[in-house]
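Enquirer: Can you look at this prediction? I've put the sequence above it.
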Amino acid sequence: MEIKFSRHAKKRAKLYDISEKTVMDILSNMNLHQGKHEIIKDVPGFEYPLKIVVSVEEDLMTVIINYPLKKGRKK
């Protein structure tokens with residue numbers, strides 16, 4: 001499955017120093033069906049869990065946004 005990043009997701013990743021590889025590693029291990037999904041995952045090296053919103057359509061997964069989820073919980 002192809003994974004693309006929206007312009008907004010790229011800007012947020014740069015702002016919060018989240019590598020595309022980190023997001024791709026998280027998404028490659030998930031079996032997502034078509035539709036919109038919110039994923040919250042603890043990732044080593046980040047103080048807060050990462051929130052990733054993706055849209056899945058056939059063979060294309062688009063990352064809409066990704067950022068550290070500061071509201072909620074802290075490790």
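Expert: Right, received. Where do you want to start?

Enquirer: do you know how far residue 43 is from residue 27?
Expert: Computed as C-beta to C-beta, to the nearest Å, the residue 43 to residue 27 distance reads 12 Å. Bear in mind the C-beta positions are built from the backbone N, C-alpha and C, glycine included.

Enquirer: Centroid-nearest residue for the protein?
Expert: Nearest to the geometric centre of the chain sits residue 52, at 3.0 Å (C-alpha atoms, centre = their mean).

Enquirer: what's next to the helix or strand in which that residue is found, contact-wise?
Expert: Using DSSP states H and E, the element containing residue 52 is strand 50-57. The contact list for strand 50-57 (C-beta atoms under 8 Å, 6 or more residues apart in numbering) reads 18, 22-23, 26-27, 32-43, 61-69.

Enquirer: cool, and stretch 24-36?
Expert: Contact partners of stretch 24-36, identified using C-beta under 8 Å, 6+ apart, comprise 3, 39, 41, 43, 50, 52-58, 61, 63-64.

Enquirer: how about it: buried residues?
Expert: 26-27 (16 or more other C-beta atoms under 10 Å).

Enquirer: How about stretch 60-70?
Expert: Neighbour counts using 16+ other C-beta under 10 Å place 61-67, 69 of stretch 60-70 among the buried residues.

Enquirer: what ranges do the strands span in the protein?
Expert: With DSSP state E, the ranges of strands along the chain come out as 2-5, 35-41, 50-57, 60-68.

Enquirer: and those as CSV, adding distance to residue 14?
Expert: Converted to CSV, these look like this (distance: least, C-beta to C-beta, whole Å):
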stretch, distance to residue 14
strand 2-5, 11
strand 35-41, 19
strand 50-57, 14
strand 60-68, 11
